[in-house]
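Trainee: Here is my input, please return the structure:
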Amino acid sequence: MESGTLETRLGPVAWQSSGRGPALVFFAGALANHDLWRDVIAKLDDRYRCVTVDLPLGSHPAPLAPGADRSATSLARLLLDCLDLLDVHDATVVVNDTAGGLLLLSLAAGHQALGRVGRLVLTNCESYDQFPPDALKRASAACRALPGLATAMIRLQLSWPAAMRRTLATVTAAGLDRDRAESFSRPARRDRRVAGDLVAAMAGFRPRLLIDAAAVIPEFDRPVLLIWGEQCQFFPVPQARRLASDFPHATLVIIPGAKTWVPVDNPAAVAGAIAEFAPAPVP
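Mentor: Take a look at the predicted model:
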């Protein structure tokens, strides 16, 4: 296992890597980090180089630099900046939740690092007018109007076990073990600036951004795999079917019983689908 920090234009971004072989690069969404993919990677890193990047979405270990541009378009560019800094080639990029929305937004950026993406795997994530999803539009508005209060409320929610249980029940059917729950919640509890990064990001989420970016989806000419939790409350299966129909080379795999955090709910199914889709390891 290797780990380190990418010194990006917005500040430090943590990464971890294990295994050898074709590169799989994993990004998690809001209030999740590399541990979202822990059990998936355990089934893949005997054949692939598995790299995780902790985007500044509330479960990252260190806050961004003061004054960093935390707009949605800046964070979308950051995701691709990380591919450049990691110097990966023909990478299979795997995203979940908010990271998926940022990746879709980045397709319209013209960033040179898009050339490093050989394949794309989308699990349950934001798209089209669901940026943020309907259930979080009020929260996003609150982050714009009252960022200080929103930051305090997020930290309180992460510190209150009953509130955490209610939140987790919306995104995972399997639940989280104590270590993973602590990994996700500790950074924002420990440092209000980390929670502030999430609030600033959420304040910049607007449906029009992904509606406009969707125009370039039919131009993406590389293979795409959608692995979708069937019971997701935020991003229902019809949304995945629409994405799959708009990408010119897409396959949709539906995972029964899984919610938004499908890599937690059924890591074996996610890992199996990725292994069938990604480049074959060199013997």
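Trainee: could you give the mean pLDDT of stretch 165-172?
Mentor: Mean pLDDT, computed over stretch 165-172, is 92.
Trainee: who touches it?
Mentor: 97, 135, 157, 175-176, 181, 233-234, 259-261, 264-265 (Cβ atoms under 8 Å, 6 or more residues apart in numbering). For every residue, glycine as well, the C-beta is placed using N, CA and C.
Trainee: Tabulate those (a markdown table), appending distance to K43 and secondary structure.
Mentor: As requested, these are exported to a markdown table (distance: Cβ to Cβ, whole Å; DSSP: H, G, I helix; E, B strand; the rest coil):
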| residue | distance to K43 | secondary structure |
| --- | --- | --- |
| D97 | 20 | strand |
| A135 | 31 | helix |
| Q157 | 32 | helix |
| G175 | 20 | coil |
| L176 | 18 | coil |
| A181 | 21 | helix |
| Q233 | 26 | coil |
| F234 | 25 | coil |
| K259 | 20 | coil |
| T260 | 20 | coil |
| W261 | 16 | coil |
| V264 | 13 | helix |
| D265 | 14 | helix |
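Trainee: If any of the residues you listed are buried, give me the PyMOL selection for them.
Mentor: Selection command for PyMOL covering only the buried members of the contacts of stretch 165-172, criterion 16 or more other Cβ atoms under 10 Å:
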select buried, resi 97+157+176+181+234+259+260+261+264+265
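Trainee: ok but F26 is inside a strand, no?
Mentor: Yes. F26: assigned to a strand according to DSSP: H, G, I helix; E, B strand; the rest coil.
Trainee: any idea how far I211 is from it?
Mentor: Separation of F26 from I211 (Cβ to Cβ, to the nearest Å) stands at 26 Å.
Trainee: quick one, which of the two is more surrounded?
Mentor: In this view F26 and I211 are compared by other Cβ atoms under 10 Å, and F26 has more residues nearby, 25 against 14.
Trainee: out of all of them, which helix in this structure is the longest?
Mentor: helix 72-86 (DSSP state H).
Trainee: how distant is that helix from the center of its chain?
Mentor: Distance of helix 72-86 from the chain centroid (Cα atoms, centre = their mean, to the nearest Å) equals 12 Å.
Trainee: helices and strands around that helix, which ones?
Mentor: On a contact count with 3 or more Cβ pairs under 8 Å, 6 or more residues apart in numbering; DSSP states H and E, helix 72-86 meets strand 2-8, strand 11-18, strand 23-27, strand 49-53, helix 98-106.
Trainee: Nearest to L146, out of the ones you listed?
Mentor: Comparing those by their distance to L146 (Cβ to Cβ), the top pick is helix 98-106, with 20.5 Å.
Trainee: Tell me which stretches of the protein form helices.
Mentor: Using DSSP H, the helices of the chain run over 38-42, 72-86, 98-106, 137-145, 147-159, 161-171, 178-190, 192-203, 207-213, 237-246, 262-265, 267-277.
Trainee: Buried ones in the second one, by neighbour count?
Mentor: Think helix 72-86. If you call a residue buried by 16+ other Cβ under 10 Å, then helix 72-86 has these buried ones: 72-83, 86.
Trainee: Kindly report the same for the fifth one.
Mentor: Within helix 147-159, the residues scored as buried using 16+ other Cβ under 10 Å are A150, T151, M153, I154, R155, Q157, L158.
Trainee: ok, of these, which one's closest to N33?
Mentor: L158 (13.3 Å).
Trainee: where does the nearest residue to Q231 once chain neighbours are set aside land on pLDDT?
Mentor: Nearest residue to Q231, sequence neighbours excluded (Cβ to Cβ, 6 or more residues apart in numbering): K259, at 5.1 Å. K259 carries a pLDDT value of 98.
Trainee: Who are the contact partners of K259?
Mentor: N124, T170, V171, T172, A173, G229, Q231, C232, Q233, D265.
Trainee: Understood, closing this out.
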